[in-house]
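In: Sequence plus predicted model, see below.
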Amino acid sequence: MSLLLPSGPSLVRAAKRRLAATVALDLRHAGRAAAVAVDAGGGIAAWAVVSGGEPVALARRALRELRVRPKKVLVLLGGGEAQVTVLAHAEEPGAREIEAALFAEGYERLREPSVAALPLSPDTWLVAACGARTVEPLATGLLLEGGTEPIFAVDQLLAAAVLGPGAALGLVEAGEAALLALLAGELPERDGELPAVCGPAWRLALHPGVPALASPHSERRRSSLTWARRSARAAFGLAIFGALLMAVGLRLAWAGRISRTPASRAADARLVRELREIGALAGERSEEHTSELQSHHD
């Protein structure tokens with residue numbers, strides 16, 4: 001990795017080459033985005049901390065500063081954007097149950113919310129929701145920047161998922177601050193070069209078990225993107241196949257032309273001359289006929 005000096009309100013360690021990587025963005029703090037890219041082996045490929053601007057612009061800028069090819073983009077949201085509560089429910093709650101539980105806790109109703117649920121015990125769930133006003137602009141901007149449909153997660157659910165259901169239940173009951181303290185903990189010694197503000201993004205990139213916020217709209221968009229990529233790959237394959245067929249046809253035609261005898265080639269030339277003479281004669285006859293018609297008309 002090559003260390004880039006801060007340019008304005010940013011600090012970046014970009015990747016040396018554009019390798020495929022999983023990217024996690026921490027957008028919990030207003031006016032700041034922290035991003036971490038990890039390679040296939042879980043090693044840190046690049047990181048960036050950028051400041052100043054609205055969330056969509058910051059997220060796109062942080063993704064661009066990493067200089068990697070994102071195969072997956074994860075976005076961490078916090079209490080400013082998401083609503084979180086504990087729900088007693090016998091089985092995994094649906095969107096309606098989650099919305100009702102949040103509304104009962106005093107949260108405002110969200111427009112087209114994306115929801116997620118994490119089990120803390122057989123009958124207790126940590127649930128979260130985020131409105132389309134926050135999620136959709138970020139999804140559109142990051143899709144344009146990286147070509148990948150982003151996956152959204154909520155910080156409290158990430159912390160609980162890292163701890164595991166049994167240990168998380170006690171911290172959830174202790175309060176949000178106690179749970180989120182886990183994300184601000186020290187980084188492992190081998191990753192000491194990573195700034196502390198990048199810790200939550202790093203944990204998100206390495207923890208696939210955190211429940212993602214989902215909505216019918218996001219699932220339709222993800223499905224459409226998948227089919228578009230499949231169609232593009234199929235079209236590219238057909239184009240290559242057609243080019244190969246054309247190349248084979250030209251090669252066979254050229255080989256056939258070379259293999260023809262001198263007498264055959266002379267016969268072809270004679271046929272071409274005869275066709276040209278017939279065409280010229282037909283043209284002259286057409287002109288004569290046109291002149292006759294014109295004279296008759298006059």
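Out: Happy to help now that I have it. Predicted model, so just to flag it, every value in this text is computed and none were measured.
In: For the helix or strand containing Arg61, enumerate the helices and strands it packs against.
Out: Per DSSP states H and E: Arg61 is located in helix 55-66. With contacts taken as 3 or more C-beta pairs under 8 Å, 6 or more residues apart in numbering; DSSP states H and E, helix 55-66 sits against strand 10-14, strand 20-26, strand 32-38, strand 44-51, strand 69-77, helix 132-146. Heads up, the C-betas are built off the backbone N, CA and C, glycines and all.
In: tell me the angle the first one makes with strand 32-38.
Out: Here the directions of strand 10-14 and strand 32-38 differ by 10 degrees (axes from the mean of the first three to the mean of the last three C-alpha atoms, to 10 degrees).
In: what's the answer for the last one, then?
Out: In this structure, helix 132-146 runs at an angle of 50 degrees to strand 32-38, with the same axes, to 10 degrees as the basis.
In: Only the C-alpha atoms, please, for helix 132-146, written as CSV.
Out: In CSV, the C-alpha atoms belonging to helix 132-146 read as follows (Å, rounded to 0.1, in the frame of the first residue of the first chain):
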residue,chain,number,x,y,z
ALA,A,132,-36.1,5.3,2.2
ARG,A,133,-35.1,9.0,2.6
THR,A,134,-31.7,7.8,4.0
VAL,A,135,-31.2,4.5,2.2
GLU,A,136,-32.2,5.2,-1.4
PRO,A,137,-29.9,8.2,-2.1
LEU,A,138,-27.0,6.3,-0.7
ALA,A,139,-27.9,3.1,-2.7
THR,A,140,-28.2,5.0,-5.9
GLY,A,141,-24.9,7.0,-5.4
LEU,A,142,-22.9,3.9,-4.4
LEU,A,143,-24.3,1.9,-7.3
LEU,A,144,-23.2,4.6,-9.7
GLU,A,145,-19.8,4.8,-8.1
GLY,A,146,-18.9,1.2,-7.7
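In: For it, which residues meet the burial criterion?
Out: Within helix 132-146, the residues that count as buried by 16 or more other C-beta atoms under 10 Å are Ala132, Thr134, Val135, Glu136, Leu138, Ala139, Gly141, Leu142, Glu145, Gly146.
In: returning to what we had before: and the helix holding Arg61, how far from the chain's centre?
Out: Averaged C-alpha coordinates place helix 55-66 at 14 Å from its chain's average position (C-alpha atoms, centre = their mean, to the nearest Å).
In: what's the angle from that helix to strand 32-38?
Out: 40 degrees.
In: Which residue comes closest to Val135 once chain neighbours are left out?
Out: Distances taken as C-beta to C-beta, 6 or more residues apart in numbering put Ser114 closest to Val135, at 5.3 Å, once the chain neighbours are dropped.
In: what's across from that neighbour in the sheet?
Out: Cys130 (DSSP bridges).
In: Can you report how many residues neighbour it?
Out: 27 (other C-beta atoms under 10 Å).
In: Can you show me the strands along the protein?
Out: Ranges of strands within the chain are 2-4, 10-14, 20-26, 32-38, 44-51, 69-77, 82-88, 114-121, 124-130, 151-154, based on DSSP state E.
In: Nearest residue to the middle of the chain?
Out: Thr148 (0.3 Å; C-alpha atoms, centre = their mean).
In: Would you check that that one makes contact with Lys71?
Out: Yes - counting by C-beta atoms under 8 Å, Thr148 does reach Lys71; the two are 7.1 Å apart.
In: any weak-confidence spans in this protein?
Out: 1-9, 188-192, 217-265, 267-268, 271-272, 275, 282-298 (pLDDT under 70).
In: Now with 90, please.
Out: Residue ranges of the chain with pLDDT under 90: 1-10, 16-17, 79-80, 111, 122, 164-194, 208-209, 215-298.
In: still on that earlier bit, dump the buried residues of helix 132-146 to CSV, plus distance to Ala280.
Out: As requested, the buried residues of helix 132-146 are exported to CSV (distance: C-beta to C-beta, whole Å):
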residue, distance to Ala280
Ala132, 72
Thr134, 76
Val135, 73
Glu136, 69
Leu138, 71
Ala139, 67
Gly141, 66
Leu142, 67
Glu145, 63
Gly146, 63
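In: Closest to Val50 out of these?
Out: Glu145 (13.1 Å; C-beta to C-beta).
In: From what I see, that closest one and Leu63 are in contact.
Out: Yes - Glu145 lies in contact with Leu63 (C-beta under 8 Å); the separation is 5.2 Å.
In: just to revisit the earlier point, quick one: closest of the strands of the chain to Pro200.
Out: strand 20-26 (4.8 Å).
In: quick one: that closest one to helix 132-146, angle?
Out: 150 degrees.
In: Give me the neighbour count for Ala95.
Out: 16.
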